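Asker: Would you be able to build a 3D model of this:
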Amino acid sequence: MEPNCKGNAMNILLIDDDAKLQKSLRLALETLGQKVTEARDGPQAIELLGHRLFDAAFLDLRLGQEQGLELLPTLLGLAPGLDIIVITAYATVETAVEAMRRGAFDYLPKPFTPGQLRLILERVVRLRRLQSRAAELEEQIHSVVPEADLQTEEPVMKEALEIAFKAASSEATILIHGESGTGKGVLARAIHARGLRSAAPFITVHCPSLSAELLESELFGHVRGAFTGAVQDKVGRVALAEGGTLFLDEIGELPLPLQPKVLRLLQEKCYERVGDPLTRACDARILSATNRNLDQAVAAGAFREDLFYRLNVIEVTLPSLRQRPKDLLPLADHLLQFFARQSSKPITGFTEEARAALLRYPWPGNVRELRNAIERGVILTAGPCVGLGDLPAQVGLSPLTRGVEVGAAATLDEIEAEHIRRVLAASPTMEEAATVLGIDPSTLYRKRKRYGL
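Answerer: Numbering: from 1, shown residues only. Alright, predicted model coming up:
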């Protein structure tokens, strides 16, 4: 949202009853590349804020019979994220202090120069970028994962990383494909870190997490009153990703009604917040990931073909952990060191029996399952090494006794138990495992108890 940057203009509300000053200030703001809407008085400003979203407002302290200071709390109540700059020809220290106390962003005495105006707009932009960066850093802190080590000895993984990192410095849309738990989100962050937008936010949208209506609000934002429960304006994740990267995780689960709007975001780089007719520009690079076969989803009518082609400019396929046997033990050692430091335990490694079991097990949940298994082992071990008994039970089963396959000489209960075991291993939470299995969490709990899982 830099002033004078095409496509990144802020929406500014100018509240002043002096037509001459309003005209000159509007001209100055538009010269700086901003979009300006005018209001003559408090009621008109309140009406505009009731159905439109603004980034900043210039408020005259004297509006005929009204006092701008009295209007300040009302405006901020309607639009909590609004940056209000108070302007007045009757500047005093007392009014400046009172304006700031009531929530004004800044205070600008008349007459002011275009240079002063530019500086104050740049401050608004910097603050908004810092807020976006803080939101992105907070998200990173809450999603810190120890498997962020992308070192590999496997040719298939090296090939995937080579493609990803070659494309990182471009603005190309990248689709990352791979089984659940292979590290698609980790790779997306690594691409962002190596790109031209690395200093800007990296914002994730988890497509399967919400209904179509709530996901649209999460993605694009909404204005107050857009739907039941929308009690205040909300900035969407597209806006938070301004200047940076927007990562659409599990894009294959994107609801059909929302797919045309994401397609427009990709094609035209613009969008509207829910309940707001104002079209906004989007300056964010789009990365996406999926564990689904999108070709099959397109053929089945579950995914738009034009959206698939827009997303799939460059495709990177991450191999499963089963396809990376040379990486398994180095990755397990890396994870062990991470969790040992985190728990302040003097753990030096694995027993030989445990290392052999790690190599035998097929890891249907990939790196995520390996991480969970190592974390469990570190927590449970009482000695300097993680032993076989510290790892999950399924890891220690030999190839002859581990699991059953469809079509084998096994009962339906045995097949169901094995399927539930593998889904649980591949899922980060019980709720997600229940969703994959098509049952509610309470049913999954009973089945786990029944089969001793």
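Asker: quick one: the helices in the stretch 251-400 of the chain?
Answerer: Using DSSP state H, counting those that start in this stretch, the helices assigned to the stretch 251-400 of the chain run over residues 259-268, 294-299, 305-311, 325-343, 352-360, 366-380, 393-396.
Asker: Distance from the chain centre to the fifth one, please.
Answerer: The gap between the average C-alpha position of helix 352-360 and the chain average comes to 37 Å, counting by C-alpha atoms, centre = their mean, to the nearest Å.
Asker: what does it rub up against?
Answerer: Applying C-beta atoms under 8 Å, 6 or more residues apart in numbering, the external contacts of helix 352-360 come out as 325, 328-329, 332, 350, 370, 377, 385-388, 390-391, 395-396, 398-399. Heads up, the C-betas are built off the backbone N, CA and C, glycines and all.
Asker: Same check on the third one?
Answerer: For helix 305-311, the external contacting residues (C-beta under 8 Å, 6+ apart) are 173, 175, 251, 259-260, 262-263, 266-267, 286, 288, 294-295, 297-298.
Asker: can you rerun that using 6 Å?
Answerer: Among residues not part of helix 305-311, those counted as contacts by C-beta atoms under 6 Å, 6 or more residues apart in numbering are 173, 175, 259, 263, 266, 288, 294, 298.
Asker: among the residues you listed, who's most crowded?
Answerer: Comparing these by number of neighbours (other C-beta atoms under 10 Å), residue 288 comes first, having 28 neighbours.
Asker: what pLDDT does that one get?
Answerer: pLDDT for residue 288: 97.
Asker: and what of residue 66?
Answerer: In this model, residue 66 is scored at 73, pLDDT.
Asker: what are the bridge partners for it, then?
Answerer: Judged by DSSP bridges, the bridge partners of residue 66 are residue 63.
Asker: so it sits right up against residue 44, yeah?
Answerer: No - assessed by C-beta atoms under 6 Å, residue 66 is found out of contact with residue 44, at 11.0 Å.
Asker: With distance to residue 18 as added columns, please give the helices of the stretch 251-400 of the chain in CSV.
Answerer: Written out in CSV, the entries for the helices of the stretch 251-400 of the chain read as follows (distance: least, C-beta to C-beta, whole Å):
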stretch, distance to residue 18
helix 259-268, 38
helix 294-299, 58
helix 305-311, 48
helix 325-343, 61
helix 352-360, 75
helix 366-380, 62
helix 393-396, 75
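Asker: Could you look over those helices and pick the most buried one?
Answerer: With neighbours defined by mean count of other C-beta atoms under 10 Å, none of the helices of the stretch 251-400 of the chain is more surrounded on average than helix 366-380, at a mean of 21.
Asker: Which neighbouring elements make contact with it?
Answerer: Judged by 3 or more C-beta pairs under 6 Å, 6 or more residues apart in numbering; DSSP states H and E, the packing partners of helix 366-380 are helix 325-343.
Asker: again, 7 Å this time
Answerer: Using 3 or more C-beta pairs under 7 Å, 6 or more residues apart in numbering; DSSP states H and E as the contact criterion, the neighbours of helix 366-380 among helices and strands are helix 325-343, helix 412-426.
Asker: hmm, back to that, let me have the helices of the stretch 251-400 of the chain in JSON lines, adding mean pLDDT as columns.
Answerer: Converted to JSON lines, the helices of the stretch 251-400 of the chain look like this (pLDDT from 0 to 100):
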{"stretch": "helix 259-268", "mean pLDDT": "95"}
{"stretch": "helix 294-299", "mean pLDDT": "93"}
{"stretch": "helix 305-311", "mean pLDDT": "96"}
{"stretch": "helix 325-343", "mean pLDDT": "92"}
{"stretch": "helix 352-360", "mean pLDDT": "93"}
{"stretch": "helix 366-380", "mean pLDDT": "93"}
{"stretch": "helix 393-396", "mean pLDDT": "86"}
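Asker: Which one, of the ones you listed, ends up nearest to residue 235?
Answerer: Distances from residue 235 to each of the helices of the stretch 251-400 of the chain were compared by C-beta to C-beta, and the smallest falls on helix 259-268, at 15.5 Å.
Asker: Contact partners for residue 320?
Answerer: Residues in contact with residue 320 (C-beta atoms under 7 Å, 6 or more residues apart in numbering) are 179, 182, 366.
Asker: could you redo the last one with a cut-off of 8 Å?
Answerer: With contact set as C-beta under 8 Å, 6+ apart, residue 320 has these partners: 178, 179, 182, 363, 366.
Asker: what's the answer for residue 380, then?
Answerer: Shown here is residue 380, whose contacts under the criterion C-beta under 8 Å, 6+ apart are residue 390.
Asker: And it, how close does it get to residue 393?
Answerer: Residue 380 sits at a distance of 12 Å from residue 393 (criterion: C-beta to C-beta, to the nearest Å).
Asker: How confident was the prediction at residue 433?
Answerer: Among the per-residue scores, residue 433 holds a pLDDT of 83.
Asker: right, and it touches residue 422 too?
Answerer: No - between residue 433 and residue 422 there is no contact, the gap being 9.9 Å when judged by C-beta atoms under 8 Å.
Asker: More neighbours: which of these two?
Answerer: residue 433 (20 against 17).
Asker: Now the more buried one, what are its backbone angles?
Answerer: Residue 433 adopts backbone torsions of phi -60, psi -40, taken as degrees, to the nearest 10.
Asker: dump the residue contacts of it.
Answerer: With contact set as C-beta under 8 Å, 6+ apart, residue 433 has these partners: 420, 423, 424, 426, 427, 444.
Asker: let's go with 7 Å and repeat that
Answerer: 423, 424, 427, 444.
Asker: any idea how far the nearest residue to it once chain neighbours are set aside is from residue 14?
Answerer: The shortest distance from residue 433 to any residue that is not its chain neighbour, by C-beta to C-beta, 6 or more residues apart in numbering, is 3.8 Å, and that residue is residue 427. Relative to residue 14, residue 427 is positioned 52 Å away (criterion: C-beta to C-beta).
Asker: Neighbour count for these two, which is higher?
Answerer: A count of neighbours by other C-beta under 10 Å puts residue 14 above the other of residue 427 and residue 14, at 24 against 21.
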